[in-house]
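# okay, here's the prediction I keep looking at, along with the sequence it came from:
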Amino acid sequence: MESVARFLMEVAPFSLLSDEEREAVAKKMLVEYFPKGSVILRRDLDKAEFLYIVRKGRVRITRGRSGENERLVSLCGEGDSFGITSLLENEAFIFNATSDDDTICYLLPKAEFKHLYDTHQKVADYFSPTLSVSLANAYQIERERLSVHKQNGEVSLLFQSVASLIKRRPIVGTPELTVREAAEIMTLERVGSLVILGDDGKPDGIITDTDFRSKIVARSQSINLPVSAVMSSPVITIDSEDSVMNALMLMTRRRIHHLCVVERKDDVEKFLGVISEHDLMLMHGVSPAAVTKNLDREQTVEGLLSVRMQMDAVIDSLIAQGMTAKRLTHIITSFNDKLTERILQFAETRMVQEGFGKPPVPFAWIAFGSEGREEQTISTDQDNGLVFENTANDSDVQSYFLKFASFVVEGLDKVGFPKCKGNIMATNPELCQSLFGWKKNFSKWVHSASPKSLLNASIFFDFRSIYGEASLVASLRQHLFSEIAQTKQFLFFMTQNALQTKPPLGFFGSFLLEDSGAHKNQFNIKERALRPLVDGARLLSFQAKTNSANTWSRLEVAKEKSLMRQTLMDNVIEAFDFMMTLRLTHHSEQRRKGLAPDNFIAPERLTQIERNALKESFRVVEEFQAELRDKFAGGVAMTME
């Protein structure tokens, strides 16, 4: 059994066990030989009585009835295991398992596996029916590796509860207090805010130092006014068990500087105190909300660039402390939206100063691509357009907005968003049109199956309004859904387009890497792994008529509407977040080294568990694509010319 134990040292999750535990498991293992073509498990007929671990050879895992229209799901190579779900759920295997070569497997009997699963949390986590727990392990390892607190073993500050920030009893008042009395209490207690409680003892409003300056002094209001007349209400609350990370996100998204912390137990809510942006800054020296607020103070493009550089440092710090992609992209999006809004405001002022006047009709600035999906990373260029209200003289109005767009695009370029090499910018007359013009283009792209139309659909159908008259963009989205509903073949061809990119995983479970050039032994995580999930989420959003273009939101809506299996959707969401986190971490590391961020990942630089999680994510991509093919393309895959 020594050779079995030695083999298991390189196989997760057995590699996480102690030597004694691994030796004990090895003694329970059986060895079985399967000649090429042997059917090991049959779909819907056989229950797994063992955990199968491939020692030598390979096993095909397929969908469909054995021998009838089977489709490959994955190939298990050396060290891979199968049969887990059947063991855990005591149900028939949902795939077919067939030896693709002369194969030797180690078999861990069901009772022994269940005992190991029940008594070792790491094993239970790894073999979770969904990726959520096993990928969380990979996240944790990455956090520990990168965290600035690794040396002394402290928990990353971002993951502490907000309750840990409350150091004193809450300072509160009643709605009947005057502004003067509220100021006196705050001065006496040396606090920057006062929470006003309602009759039920819950926070009804909050007044801050900023409120005194902006609402009382600046407006010459009487200090004898009741505090209820000037307080901010309703208050934004956060649960005491929530993390500092989520508090940062909430402040950034809502552009606020105080949160009321409440404890919720048995449907009873208790107010514990207030945390402020200042508390978070003292805690770890950075605050996305504070940096975002700095944008309002700047009156030049050069000043905005300085703030952008501050935010880059904040993002690097958050990545180093382990924040995952979904949260990071929320923060990046909030900042970039505000930055773009300031550039647009500068452009409006400049148009007036140079004699062009104010916008002749209502308009909206549109974001496309990753910006439209709210998934911008550290390295991103411009993808934007402009829609204006229908008018009798579209040509003159378009000329005005093209000039306006030139100021915006130049400003964005100066603050770190390079111009799009593909000319996907509002300075392109094709992308600066009336609502009628945009609807006409959308209709053309839906009804045409040409490669160019499909490419345009994959770019421009991920869109949202950033500034201006949002109803114009909402009208365009409803038009898109209406056109798709009338053109059934559109989803078929979009599916075929989405199936062209396969994840970089070989038959033996190895990574398929570049074999030459500057990126030898690397793979492009954006194009080869993330794009298939983005494309698939877009397809599902068309069926669900999801208003959000965000991939996470699209997948969540698809899950809620049961458009695909719940377990699969959970896995897809986790896989997307995991791979996006790897991509953002890679970008941050490159920037710190003074390199231009790219999307090429070298698996050899990842930990073993990260590599395993990445392979599992690729298998999820394959399964997701297989279900998309069944759902939208009748199980048919075509090569697009």
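Nice, I can see it.
# alpha carbons only for contacts and neighbour counts from here, please
OK.
# quick check, Leu75 in a helix?
No. Assigned with DSSP: H, G, I helix; E, B strand; the rest coil, Leu75 falls outside any helix and is strand.
# where does the protein dip in pLDDT?
1-2, 65-74, 128-159, 167, 278, 280-287, 507-509, 608-609, 634-641 (pLDDT under 70).
# excluding residues flanking it in the chain, which one is nearest Ser617?
In space, and not counting its chain neighbours, Ser617 is closest to Ala575: 5.0 Å by C-alpha to C-alpha, 6 or more residues apart in numbering.
# tell me what the host helix or strand of that neighbour is packed against?
In this structure, Ala575 is located in helix 566-592 according to DSSP states H and E. Judged by 3 or more C-alpha pairs under 8 Å, 6 or more residues apart in numbering; DSSP states H and E, helix 566-592 is in contact with helix 131-146, helix 301-320, helix 325-353, helix 551-560, helix 608-632.
# on that earlier part again, what distance do you get for the residue nearest to Ser617 to Glu371?
Relative to Glu371, Ala575 is positioned 21 Å away (C-alpha to C-alpha, to the nearest Å).
# same deal with Ser232?
Distance of Ser232 to Glu371, given as C-alpha to C-alpha: 32 Å.
# of the two, who's got more company?
Glu371 (27 against 17; other C-alpha atoms under 10 Å).
# quick one: the more buried one from Glu23, how far?
Relative to Glu23, Glu371 is positioned 52 Å away (C-alpha to C-alpha).
# just give the closest residue to Val31, not the sequence neighbours.
Closest to Val31 by C-alpha to C-alpha, 6+ apart is Tyr106, at 4.8 Å.
# so what's the one you found up against?
Listed by C-alpha atoms under 8 Å, 6 or more residues apart in numbering, the contact partners of Tyr106 are 29-32, 52-55.
# filter the residues you listed to the buried ones?
Those of the contacts of Tyr106 that meet the buried threshold are 29, 52-55, by 16 or more other C-alpha atoms under 10 Å.
# and the gap between Tyr117 and Phe481?
Remark: distance between Tyr117 and Phe481 (C-alpha to C-alpha) = 47 Å.
# likewise for Ser233?
Separation of Ser233 from Phe481 (C-alpha to C-alpha): 37 Å.
# those two: who's more crowded?
A direct count of neighbours by other C-alpha under 10 Å for Ser233 and Phe481 places Phe481 higher, at 18 against 14.
# in three-state terms, label that one for me.
What three-state DSSP gives for Phe481 is helix.
# against Ser370, how distant is it?
20 Å.
# okay, now Gly357: neighbour count?
13.
# phi, psi of it?
Dihedral angles of Gly357 (phi, psi; degrees, to the nearest 10) stand at phi 80, psi -180.
# that one and Met351 touch, don't they?
Yes. With contact defined as C-alpha atoms under 8 Å, Gly357 and Met351 form a contacting pair (5.8 Å).
# which residues touch Leu628?
By C-alpha under 8 Å, 6+ apart, the contact set of Leu628 is 495, 536.
# make it 7 Å
Applying C-alpha atoms under 7 Å, 6 or more residues apart in numbering to Leu628 gives no contacts.
# what's the burial count for the residue nearest to Ser617?
Residues lying near Ala575 (other C-alpha under 10 Å) number 27.
# what does His479 give?
Neighbours of His479 under the rule other C-alpha under 10 Å: 17.
# just the CA trace of the host helix or strand of Leu250, in CSV.
According to DSSP H and E, Leu250 maps onto helix 244-254. Extracted in CSV, the C-alpha atoms of helix 244-254 (Å, rounded to 0.1, in the frame of the first residue of the first chain):
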residue,chain,number,x,y,z
VAL,A,244,-16.0,44.9,6.4
MET,A,245,-15.6,44.0,2.7
ASN,A,246,-19.4,44.3,2.2
ALA,A,247,-19.5,47.6,4.1
LEU,A,248,-16.9,49.0,1.8
MET,A,249,-18.9,47.9,-1.2
LEU,A,250,-22.2,49.3,0.2
MET,A,251,-20.6,52.7,0.9
THR,A,252,-19.1,52.9,-2.5
ARG,A,253,-22.2,51.8,-4.4
ARG,A,254,-24.6,54.1,-2.4
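# what is the helix or strand just after it packed up against?
Using DSSP H and E, the helix or strand that follows helix 244-254 in sequence is strand 258-265. Strand 258-265 sits against strand 237-239, strand 268-276, with contacts defined as 3 or more C-alpha pairs under 7 Å, 6 or more residues apart in numbering; DSSP states H and E.
# quick one: the helix holding Leu250 to strand 268-276, angle?
In terms of direction (axes from the mean of the first three to the mean of the last three C-alpha atoms, to 10 degrees), helix 244-254 departs from strand 268-276 by 80 degrees.
# please name the nearest non-neighbouring residue to the spatially most central residue of the chain.
For the chain, the residue sitting closest to the mean C-alpha position, by C-alpha atoms, centre = their mean, is Lys326 at 3.1 Å. Counting by C-alpha to C-alpha, 6+ apart, Asp577 is the residue found nearest to Lys326 once chain neighbours are left out, at 6.3 Å.
# gap between that neighbour and Ser617?
Separation of Asp577 from Ser617 (C-alpha to C-alpha): 10 Å.
# out of these two, which sits in the more crowded spot?
Taking other C-alpha under 10 Å, Asp577 and Ser617 do not tie; Ser617 has more neighbours (25 against 21).
# wait, doesn't the more buried one sit right on Glu574?
No. Contact criterion C-alpha atoms under 7 Å: Ser617 and Glu574 do not qualify, at 8.3 Å.
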